[in-house]
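[1] Turn this into a structure:
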Amino acid sequence: MGVTETPVIVVTGGTRGIGHGLARELVARGARVVICGRTGVDEAAGELGATGVVADMTDRAQVEALWDKAASLGPVAHWINNAGVSTTRRPLGELPADQIHTVVGANLIGVLHGSAVASHGMLAQGGGTVWNMEGLGSDGRAVPGLLPYGATKRAVTYVTDALAKELKGTPVKAAHLSPGMVVTDLLLQDYDPAELEKAKKIFNILADRVETVTPWLAERILAGTGNGGRVAWLTRRKAAARFATAGFRKRDLFG
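    Numbers count the residues shown, from 1 in each chain. The predicted structure follows:
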């Protein structure tokens, strides 16, 4: 696949949060962006200047239709599996079964379908990169109350590593995309007021706003990485430095 002046990029779950911010930054950098979601797609696409497709990533036929729409605009340079949800913060034994099914479906089945469809299409067109979004649990940390979410993100890391091995020697790459801790509805959902106030102390050290992280991510997606590579905003070194300077470097992400 030759280099195009206007790359076509798919961002799943691009109607809000990190996906929405990332789509905005990629459009601003001249990309032809296709977003998908189950609701609010037309409104978000109109606001962003992107192409919108209603798609449930757990439905293989709908994922294939998303690929077809994107490919009709030109070779798909990047496919970003960003769509994801979380459960309420409860011990596993207290979680309703439907929440577990929803999280595993969106965060893992959706990534598997997206990776399968995108890698197959990219092999046929001669190149491209599949990016899978990491999150809490990807690095092996276990957080009580978020077991299904963390388990799916740990699995996504495996999916990406294994896909990179399957694609070795081809013109298609699989890579990890790690935004770190970002202040979105997903991060803040389901806290009671007292717990949220405690959590904000950590968030103000480690977290960042969407508009801070997504321009950096967009630049590095467009620059590309090697097969199996990782683009990570919040590295261990950066996190350690923030804790070390937290006493005199005050940040307020919620003011």
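[2] so Gly228 sits right up against Ala164, yeah?
    Yes. Gly228 is in contact with Ala164 according to CB atoms under 8 Å; the separation is 3.5 Å. From N, CA and C alone the C-beta is placed, and that goes for glycine too.
[3] Find the residues that touch each one of the two.
    173-175 (CB atoms under 8 Å, 6 or more residues apart in numbering).
[4] Just the buried subset of those residues, please.
    173-175 (16 or more other CB atoms under 10 Å).
[5] In strands, which of the residues you listed appear?
    Judged by DSSP state E, the subset of these located in strands is 173-175.
[6] Looking at these, which is nearest Ala55?
    The closest of those to Ala55 turns out to be Ala174 (CB to CB; 20.5 Å).
[7] Is that closest one bridged to anything, and to what?
    Taking DSSP bridges as the rule, Ala174 bridges to Val130.
[8] ok, now which ones touch it?
    Counted by CB under 8 Å, 6+ apart, Ala174 has contacts 115, 119, 129-132, 160, 163-164, 167, 227-228.
[9] How about Lys69?
    34, 51, 53.
[10] Could you provide the residues you listed in a markdown table, with additional columns for distance to Met181?
    Below are those laid out as a markdown table (distance: CB to CB, whole Å):
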| residue | distance to Met181 |
| --- | --- |
| Val34 | 27 |
| Thr51 | 30 |
| Val53 | 29 |
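[11] which ones among the residues you listed are found in strands?
    Per DSSP E, these map to strands at 34, 51, 53.
[12] which residue packs closest to the residue positioned nearest the centre of the chain, ignoring adjacent ones?
    With distances taken as CA atoms, centre = their mean, Asn82 lies nearest the centre of the chain, 2.8 Å away. In this structure, Asn82 finds its nearest non-sequential neighbour in Gly19, 4.2 Å apart by CB to CB, 6 or more residues apart in numbering.
[13] Over to Ile109?
    In space, Ile109 is closest to Thr58, 5.0 Å off (CB to CB, 6+ apart).
[14] quick one: the one you found and Ala106 touch, right?
    Yes. If you go by CB under 8 Å, Thr58 and Ala106 touch, sitting 6.8 Å apart.
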